[in-house]
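[1] from the sequence below, what's the structure:
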Amino acid sequence: MHDDLKKAVETLKSGGIILYPTDTIWGIGCDATNPEAVKRIYKLKKREDSKSMLVLMENPALLDRYVEEVPEVAWDLVEISTTPLTVIYPGAKNLAKNLIAEDGSIGIRFTKEKFTSQLLQRFRKPLVSTSANISGEKSPAFFDEISEEIKSQVDYIVEYRQDDTTPAQPSSIIKLGTGGQIDIIRK
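    Okay, the predicted model is just below:
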């Protein structure tokens with residue numbers, strides 16, 4: 001796994017795109033602070049820029065660096081969540097502009113999965129994570145369901161967990177407003 005991590009980090013640092021297993025489904029990822037890399041993912045997925053993608057982070061302590069004002073309830077949600085949870089925060093900052101939704105929000109998920117945690121610790125920046133499919137097509141449940149079209153257009157494909165056929169589920173999504181408002185987007 002060490003060599004795999006090293007190659008993935010080198011690819012991300014050079015502005016490349018990786019195909020990697022996450023705490024949910026396989027994802028396409030890049031440096032979340034690099035607008036050019038983000039643009040390549042939108043192009044690869046044949047998706048409009050206005051459809052924002054989420055960001056994976058490893059440590060909740062970094063949240064203040066990328067969100068203007070973290071709503072109090074967010075800390076509790078992150079702490080008590082036992083399954084993967086994406087929280088959409090208002091007031092994103094220090095991320096690629098084309099990654100942030102029109103209303104200024106960004107979806108962030110903290111991963112507890114072994115590979116992505118180590119990848120994020122080494123890379124030291126948030127990582128874009130979006131399902132490994134063309135926009136509008138079914139999200140692949142495991143590696144073998146990812147199309148050749150996607151595989152051929154990324155710069156590095158992570159070797160770890162390619163043979164894992166446990167069908168993965170997307171995360172729950174909750175959107176937080178500035179006034180303490182909470183909307184459940186996906187259970």
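
[2] please count neighbours and contacts with C-alpha atoms only from this point.
    Fine.

[3] pLDDT wise, what is Pro35 at?
    We have a pLDDT of 97 for Pro35.

[4] what do you get for the one 10 residues further on?
    Lys45 carries a pLDDT value of 94.

[5] so it sits against Ser131, correct?
    No - using CA atoms under 8 Å, Lys45 is not in contact with Ser131; the gap is 9.0 Å.

[6] out of those two, which sits in the busier spot?
    Ser131 (25 against 19; other CA atoms under 10 Å).

[7] spit out the contact partners of that one.
    Ile25, Trp26, Gly27, Ile28, Ser139, Pro140 (CA atoms under 8 Å, 6 or more residues apart in numbering).

[8] can you put those residues in CSV and add pLDDT, distance to Ile157 and secondary structure?
    Converted to CSV, those look like this (pLDDT from 0 to 100; distance: CA to CA, whole Å; DSSP: H, G, I helix; E, B strand; the rest coil):
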residue, pLDDT, distance to Ile157, secondary structure
Ile25, 91, 14, coil
Trp26, 94, 11, coil
Gly27, 94, 10, strand
Ile28, 97, 9, strand
Ser139, 88, 17, coil
Pro140, 90, 15, coil
